[in-house]
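Peer 1: Sequence below, structure please.
(2 chains)
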There are 2 protein chains.
Amino acid sequence: MPDPRRRQITGFSNPTVKYLRSLREKKHRKAAGKFLAEGLRLLTDARECGRLPEVLVMADNRDAHPLLAVLERAVLDSGGEVIETSPDILSKITGKNNPQAVAGVFAEFDTSLSALARDRSDIWLVAQALRDPGNLGTMLRTGDAVGAGGLILIDDCADPFSVEAVRASMGAVFTQQIAQATWQDFLTWLRGGDGQLVAASLRDAVPYRGAPYAAPCFILVGNESQGLPEDYETACDLRVTMPMRGRADSLNAAVAGSVLAYEVLASLEG
Amino acid sequence: MPDPRRRQITGFSNPTVKYLRSLREKKHRKAAGKFLAEGLRLLTDARECGRLPEVLVMADNRDAHPLLAVLERAVLDSGGEVIETSPDILSKITGKNNPQAVAGVFAEFDTSLSALARDRSDIWLVAQALRDPGNLGTMLRTGDAVGAGGLILIDDCADPFSVEAVRASMGAVFTQQIAQATWQDFLTWLRGGDGQLVAASLRDAVPYRGAPYAAPCFILVGNESQGLPEDYETACDLRVTMPMRGRADSLNAAVAGSVLAYEVLASLEG
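Peer 2: Here you go, the predicted structure:
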């Protein structure tokens, strides 16, 4: 008897295809509370972090892979659904020309501040009004690399569950905790426990190299074009600045956060 | 008498609009030897670096600005052309929904290795098969920030003159030297003078922090998904590795290059 949780989809106009495609748009993600992630490696990272897709979509021309077999089994065992379809339809779902052979639909996580485990790490990344999903995903990836606890998104940031952010995070969306909050709620939460808030800044700042970082250190970067609002910087415990030897007065936001995160890592471990 | 080098374009089907739009595609850029850059700030950076657009395109709803007046005068004085058009047409040209009020057409630069002035800086960035134009522009931007001489592009990289790369460079496309070369030609050029070639690597590498960097230092980063080929790493004078505390085994390419570039800057200046 065929497993009812396995099925084949061959038509572009199939309602499931339309539903899956719709998850590329934020309003549909929020309505469904689901998001898409692609690629065997990323889905394996997710599985090893205890996150299984509710729906696994596989291209029918995929190569067999032991990790894919493990993933498929785990999805079915957890009550999820497995769909086989054509590479063309998968490409339509993910919006990528050369799609990965596998994608998954995940339930969005709780992104409230209260869900954060502050003692999980000595380093946290905080982004204010970060608008580019690629930058957001890159911050998550760097967070994973420096062993940060997670990324806290202040004000109106890009959606961490967008396909672009998930892709740029290279799986870190599953390993890093993610919270979304207003500045006031964040400050209240932060000041309710230990934590040094450090801003990359041009105003009244000390050199980032050798600055007195203290754990747990919260590294705050601002919006791509505006930087941080002045009163946000004022609320920080430490303002640090990076050398700018050329004409520009700022770095890419994810780069600034990453250079600072590696400096903090070296400082706290040194 | 109206200046013949000033004109108004009102139609989307105007051949000049078609030509300007075509510069978004690499084959048309290469055929014309021209590229597009947007924004008053970026065009002012270009002007102050001695690069003037051959054609200046301005939205007819733009706000007056003293720097725009200076730019307009400079373009006309150098024999260039000034075009006024609608914001809609400008948006069509640059492919951006909320276009800047001004864009310019520049002649592409000489990107041969022989055009590089090696003694211009102690730091150079080198990228191998970097495919993402955003990463490429971000590397240029970081290069400007650390006072690098420029960016050398090895093998099949994204086009540094693409709209996306120019945009991400935030003007550094005009301040940084750019060269394109094969790996063999680059090595021959490099070994014809002083230079330490440093790779961000996972193989047989020393910690990036406190490694024996020497000027002029050439910092090599590899392709986004493949990293550097093993024989490229072997050819390097120094292989360094960055801490990876999480699940991932690599950073975003532009982030890796930037963290390393700031480390080299601190080391050489320390």
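
Peer 1: CA atoms for contacts and neighbours, from now on please.
Peer 2: Noted.

Peer 1: And the helix ranked longest in chain A, what does it pack against?
Peer 2: Longest helix in chain A, counting residues (DSSP state H): helix A:253-269. With contacts taken as 3 or more CA pairs under 8 Å, 6 or more residues apart in numbering or on different chains; DSSP states H and E, helix A:253-269 sits against strand A:123-128, helix A:133-146, strand A:196-200, strand A:217-221, helix B:253-269.

Peer 1: now do 10 Å
Peer 2: strand A:123-128, helix A:133-146, strand A:196-200, strand A:217-221, strand A:238-241, helix B:133-146, helix B:253-269 (3 or more CA pairs under 10 Å, 6 or more residues apart in numbering or on different chains; DSSP states H and E).

Peer 1: Any chance of CSV for these, columns mean neighbour count and distance to B:F12?
Peer 2: Formatted as CSV, the helices and strands packed on helix A:253-269 follow (neighbours: other CA atoms under 10 Å in any protein chain shown; distance: least, CA to CA, whole Å):
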stretch, mean neighbour count, distance to B:F12
strand A:123-128, 26, 38
helix A:133-146, 28, 31
strand A:196-200, 25, 44
strand A:217-221, 27, 40
strand A:238-241, 22, 46
helix B:133-146, 28, 27
helix B:253-269, 22, 37
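
Peer 1: Name the secondary structure element that contains the residue lying closest to A:A115 once chain neighbours are set aside.
Peer 2: Nearest residue to A:A115 in three dimensions, chain neighbours excluded: A:A179, at 7.8 Å (CA to CA, 6 or more residues apart in numbering or on different chains). Per DSSP states H and E, A:A179 falls inside strand A:177-181.

Peer 1: try A:L71
Peer 2: Per DSSP H and E: helix A:66-77 holds A:L71.

Peer 1: Can you give me the buried ones in that helix?
Peer 2: A:68, A:71-72, A:75-76 (16 or more other CA atoms under 10 Å in any protein chain shown).

Peer 1: Contacting chain B as well, which ones from these?
Peer 2: Checked against chain B using CA under 10 Å from any CA of the partner chain, the buried residues of helix A:66-77 give no members in range.

Peer 1: need the residues of the stretch 51-200 of chain A near chain B, please.
Peer 2: In this structure, the stretch 51-200 of chain A approaches chain B at residues A:134, A:137-139, A:141-148, A:168-172, A:175-176, judged by CA under 10 Å from any CA.

Peer 1: Okay, now the unreliable bits of chain A?
Peer 2: Confidence mapping of chain A against pLDDT under 70 gives the ranges A:1-2.

Peer 1: let's see 90
Peer 2: Scanning chain A for pLDDT under 90 picks out the ranges A:1-6, A:12, A:61-63, A:94-101, A:200-204, A:225, A:247-249, A:270.

Peer 1: Tell me which residue is most central in it.
Peer 2: Geometric centre of chain A, nearest residue: A:V173, 3.7 Å, by CA atoms, centre = their mean.

Peer 1: Which of the helices or strands spans it?
Peer 2: Assigned by DSSP H and E, A:V173 falls within helix A:172-175.

Peer 1: pretty sure A:L190 contacts A:T182?
Peer 2: No - taking contacts as CA atoms under 10 Å, A:L190 lies outside contact range of A:T182: 12.0 Å.

Peer 1: These two: which is more packed in?
Peer 2: Set side by side, A:L190 and A:T182 show more neighbours around A:L190, with 16 against 13, by other CA atoms under 10 Å in any protein chain shown.

Peer 1: Need phi/psi at that one.
Peer 2: Main-chain dihedrals, A:L190, degrees, to the nearest 10: phi -60, psi -50.

Peer 1: mind listing what A:L71 touches?
Peer 2: Going by CA atoms under 10 Å, 6 or more residues apart in numbering or on different chains, A:L71 touches A:40, A:43-44, A:46-48, A:52-53, A:56, A:65, A:77.

Peer 1: Write the PyMOL selection for whichever of those residues are buried.
Peer 2: The following PyMOL line selects those of these that are buried, judged by 16+ other CA under 10 Å:
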select buried, chain A and resi 40+43+44+46+47+52+53+56
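
Peer 1: I appreciate the help and will end here.
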